[in-house]
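Asker: show me how the following folds:
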Amino acid sequence: MSIESGGYNPNNMPELSYEEKMQAEREAFDKRMEKFAEELGVSKETIIQSYAVEEDNLRSEEPDEPTSIYESGPGSKVIERSIKETILERIKGQTDSLTKLPNRVALEKDLERRKRENKEFSFIMIDVDKFKSINDNYGHAGGDYVLKTLAEVLKNTLREGDIVTRYGGEELVVLAANANGSGPEVAEKLRRAVAKYEFKYEGKKIDVTISAGVNAPQNEVADLEALKIKSDKALYAAKGEFGASVLEGENIEPGHEKEPSRNQVWYYDKDGILKKYTKPE
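Answerer: I've put the predicted structure just below:
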């Protein structure tokens, strides 16, 4: 039975309506993701998100290929099984095919290892500022150049033992050893390195900056999504989006909460207070 059949008898598929066939494909895809997650020992959400990232990567490489089964409608093509298998193999390799960074599967596994070792670490969420504008002005190829170059800048700036991974889209995650509460310092070092680097695509300079949100130092058991929630809130603050509903009720350090800015580092201290990082003079 093919991956597309979703438990239906393939001989009866021609009798199904278009909507029933689409439902069968969705059910099959969902079951395959569950099984694949079990095989790799990671969450189903990690597999689904990794699939979406690699699907976008493949679309950039082969722009004439059909789109996702979730985007299929009357008259559109459905992604072929061979393409699905290619994507799953890429995920299994634990390396993002665009940036060559570890992917979300590798991140989840590294996170589990750090928790087993019971060593304090910082979870840093990084987002490229105004990435949509970069894509609009320079095309998707220009956006891909920025992501690939950014990956190199971050890797070359990190300390030994820290890792940067591609989480999805223009979002990256750094797991940093948290010696003496150094997570925000690591994020600031990365922010400055990116701001200083000259990004040039087809002879044109692209202004690239990043914002970063840092969770409080961790050494207790917490899953990937739980860690991301806090770091995401700090990231909203770093982008100056203080009106966002996710920041309602947060304990924000007075004095900076009205700054409509980007290109900043915000972090949670051990008392749960959300603060803007300012490098000591």
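Asker: going forward, measure contacts and count neighbours with C-alpha atoms only.
Answerer: OK.
Asker: other SSEs contacting the helix ranked longest in the chain?
Answerer: Secondary structure of the chain per DSSP state H: the longest helix is helix 131-157. Applying 3 or more CA pairs under 8 Å, 6 or more residues apart in numbering; DSSP states H and E, we find helix 131-157 packed against strand 163-168, helix 183-196, strand 199-201.
Asker: looking at the shortest one now, give me its mean pLDDT.
Answerer: This predicted structure assigns strand 199-201 an average pLDDT of 97.
Asker: wait, what's in contact with residue 169?
Answerer: residue 53 (CA atoms under 8 Å, 6 or more residues apart in numbering).
Asker: count of neighbours near residue 159?
Answerer: Neighbourhood size, residue 159 [other CA atoms under 10 Å]: 12.
Asker: starting at the chain centroid, how far to the longest helix of the chain?
Answerer: How far helix 131-157 lies from its chain's middle: 14 Å, per CA atoms, centre = their mean, to the nearest Å.
Asker: how long is stretch 215-233 from one end to the other?
Answerer: 9 Å (CA to CA, to the nearest Å).
Asker: contacts for it, please.
Answerer: Here stretch 215-233 makes contact (CA under 8 Å, 6+ apart) with 108, 111, 114-115, 118-125, 178, 181, 183, 213-214, 234, 246-247, 267-270, 272.
Asker: emit the PyMOL select command for whichever of those residues are buried.
Answerer: To isolate the buried members of those in PyMOL, using 16 or more other CA atoms under 10 Å:
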select buried, resi 108+111+114+115+120+121+122+123+124+125+178+181+183+213+214+234+247+267+268
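Asker: just the helices and strands packed on helix 131-157: most buried one?
Answerer: Compared across those, strand 163-168 shows the largest average neighbour count, a mean of 22 (mean count of other CA atoms under 10 Å).
Asker: how far away is residue 207 from residue 240?
Answerer: Separation of residue 207 from residue 240 (CA to CA): 19 Å.
Asker: of these two, which one has the most company?
Answerer: Counted by other CA under 10 Å, residue 207 and residue 240 do not tie: residue 240 has more neighbours, with 21 against 16.
Asker: just checking, the more buried one touches residue 262?
Answerer: Yes - if you go by CA atoms under 8 Å, residue 240 and residue 262 touch, sitting 6.0 Å apart.
Asker: what touches both of the two?
Answerer: Shared contacts of residue 240 and residue 262 (CA under 8 Å, 6+ apart): none.
Asker: give me the angle between the longest helix of the chain and strand 163-168.
Answerer: Angle of helix 131-157 versus strand 163-168, following axes from the mean of the first three to the mean of the last three CA atoms, to 10 degrees, is 160 degrees.
Asker: now helix 131-157: buried residues?
Answerer: Neighbour-count burial for helix 131-157 [16+ other CA under 10 Å]: 131, 134, 138, 142-147, 149-151, 154-155, 157.
Asker: could I get the average pLDDT for it?
Answerer: Confidence over helix 131-157, taken as the mean pLDDT, stands at 97.
Asker: and for stretch 271-281?
Answerer: Rounded mean pLDDT across stretch 271-281 is 85.
Asker: next: stretch 248-263.
Answerer: 82.
Asker: tell me the domain ranges of the chain?
Answerer: With domains defined by automatic domain parsing, the chain comprises 10-92, 104-276.
Asker: okay, these in JSON lines with distance to residue 98 next?
Answerer: Shown next, in JSON lines, are the domains of the chain (distance: least, CA to CA, whole Å):
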{"stretch": "domain 10-92", "distance to residue 98": "6"}
{"stretch": "domain 104-276", "distance to residue 98": "7"}
